[in-house]
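A.B. asks: model this:
(one chain, ligands or ions: 1)
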Amino acid sequence: MKRKLEGQIALVTGASSGIGAGVAKALAAEGAAVVINYSSNPDKAELVVNEIKQKGGDAFAFKADVSNEQEVVDMFQQTIQHFGTVDILVNNAGLQQDSKFHEMTVAQWNRVLGINLTGQFLCAREAIKEFLRRGIVPDKSKSAGKIICMSSVHEVIPWAGHANYSASKGGVMMLMKTIAQEYAPMKIRVNSIGPGAIRTPINHAAWQTPEAYTGLLKLIPAKRIGEAEDIGGAAVWLSSDDSEYVNGITLFVDGGMLLYPGFEDNG
Ligand code: NAD
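C.D. replies: Sure thing, here's the model as predicted:
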């Protein structure tokens with residue numbers, strides 16, 4: 001049976017760890033060749049590349065800071081030179097710089113917005129230029145291109161002590177919806193994944209100790225933390241023609257975190 005993403009080219013930002021690495025491996029397992037973008041750790045990026053290659057896939061690692069316009073432009077140029085085009089962008093790179101709001105520095109605010117929101121803008125803009133240039137290739141996909149923005153449950157749940165992060169994810173939601181609306185007539189699909197709590201380095205404090213993990217489970221009706229593979233499966237679905245009529249949504253992958261579990265005992 002033909003794999004769901006056979007012959008397609010995917011670029012995953014922040015793919016040297018956590019959710020990005022899980023998504024890159026899941027896309028590769030369905031036949032996509034993958035660019036593993038990283039910003040600081042070449043060894044970890046090469047591990048992901050090697051794992052994909054050992055399983056018969058194709059991948060290469062590319063260093064670029066997604067908040068830097070020229071580095072993003074160069075990354076897309078190199079990707080198109082190497083693989084011929086880009087079919088799927090997973091806008092995954094992101095970080096937290098937590099602080100009480102009244103103590104938050106402009107540097108903390110700008111760094112989070114620069115990577116989590118401007119980074120998604122810069123990568124999406126380059127991807128859409130390429131999708132418009134190439135158009136639909138019917139043998140590969142019914143869409144001219146697919147973008148998946150890694151958002152968060154915090155595009156809707158306020159998060160004290162994380163105003164910069166929540167604002168960036170709220171911004172990602174409207175960026176995603178607006179470009180989905182703008183390019184739907186050209187058969188370009190743009191959707192988000194909204195992870196709940198996923199076991200990665202970004203939130204290790206929330207699951208590392210038994211006490212922290214027990215506290216975390218109070219927020220998750222499914223009573224387990226999510227794994228990168230949970231997000232990988234959602235990314236494959238949103239990238240493939242199985243979701244061809246889906247455009248402009250956030251697919252929450254959160255074990256029910258958005259079900260207001262605090263109300264399960266009558267509030
Ligand atoms: P992570 O720290 O493992 O991964 C983030 C990746 O982004 C890292 O590889 C990092 O090197 C990369 N990155 C940071 N700055 C970059 C830059 N300027 N340019 C390129 N890459 C850069 O954490 P993760 O949990 O895998 O996070 C991935 C995405 O998922 C983020 O956007 C995060 O906000 C989102 N998310 C995570 C969770 C969770 O529970 N883990 C929940 C909701 C949303």
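
A.B. asks: Close to the ligand: what parts of the stretch 151-267 of the chain are there?
C.D. replies: S152, P195, A197, I198, T200, P201, I202, N203 (CB under 6 Å from any ligand atom). For every residue, glycine as well, the C-beta is placed using N, CA and C.

A.B. asks: Please pick the buried ones from those.
C.D. replies: Neighbour-count burial (16 or more other CB atoms under 10 Å) applied to these gives S152, P195, A197, I198, T200, I202, N203.

A.B. asks: Present these as JSON lines; the columns should include secondary structure, distance to I19 and pLDDT.
C.D. replies: Listed next are these as JSON lines, based on DSSP: H, G, I helix; E, B strand; the rest coil; distance: CB to CB, whole Å; pLDDT from 0 to 100:
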{"residue": "S152", "secondary structure": "coil", "distance to I19": "10", "pLDDT": "98"}
{"residue": "P195", "secondary structure": "strand", "distance to I19": "7", "pLDDT": "98"}
{"residue": "A197", "secondary structure": "coil", "distance to I19": "11", "pLDDT": "97"}
{"residue": "I198", "secondary structure": "strand", "distance to I19": "6", "pLDDT": "98"}
{"residue": "T200", "secondary structure": "coil", "distance to I19": "6", "pLDDT": "95"}
{"residue": "I202", "secondary structure": "helix", "distance to I19": "8", "pLDDT": "88"}
{"residue": "N203", "secondary structure": "helix", "distance to I19": "11", "pLDDT": "91"}
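
A.B. asks: low-scoring pLDDT stretches of this protein, where are they?
C.D. replies: Residue ranges of the chain with pLDDT under 70: 267.

A.B. asks: Could you point out the longest helix of it?
C.D. replies: The longest helix of the chain (DSSP state H) is helix 163-183.

A.B. asks: Report how many residues lie close to the one residue in the stretch 51-200 of the chain that gets nearest to the ligand.
C.D. replies: Across the stretch 51-200 of the chain, no residue is closer to the ligand than G94, which sits at 2.3 Å (CB to the nearest ligand atom). Per other CB atoms under 10 Å, the neighbour tally for G94 reads 25.

A.B. asks: ok, now which ones touch it?
C.D. replies: Applying CB atoms under 8 Å, 6 or more residues apart in numbering to G94 gives the contacts G14, I115, N116, G119, M150, S168, I202.

A.B. asks: If you tally nearby residues, what's the number for the third one?
C.D. replies: So the one you mean is N116. Here the count is done by other CB under 10 Å, and N116 has 26 residues near it.

A.B. asks: which one is it nearest to, not counting chain neighbours?
C.D. replies: Distances taken as CB to CB, 6 or more residues apart in numbering put S168 closest to N116, at 3.6 Å, once the chain neighbours are dropped.

A.B. asks: Pretty sure R111 is one of the things the one you found touches, is it not?
C.D. replies: No. With contact defined as CB atoms under 8 Å, S168 does not reach R111; the gap is 10.1 Å.

A.B. asks: between those two, who's got more neighbours?
C.D. replies: Regarding S168 and R111, a neighbour count based on other CB under 10 Å identifies S168 as having more, with 27 against 16.

A.B. asks: For the more buried one, list the residues it contacts.
C.D. replies: Here S168 is in contact with G94, V112, L113, N116, L117 (CB under 8 Å, 6+ apart).

A.B. asks: at 10 Å instead, please
C.D. replies: Contacts for S168 (CB atoms under 10 Å, 6 or more residues apart in numbering) come out as 94-96, 109, 112-120, 151-152, 154-155, 162.

A.B. asks: Run a quick neighbour tally on S40.
C.D. replies: Neighbours of S40 (other CB under 10 Å): 9.

A.B. asks: Could you pull up the residues touching it?
C.D. replies: Per CB under 10 Å, 6+ apart, neighbours of S40: S16, K63, D65.

A.B. asks: For those, which single residue is the most surrounded?
C.D. replies: S16 (25 neighbours).
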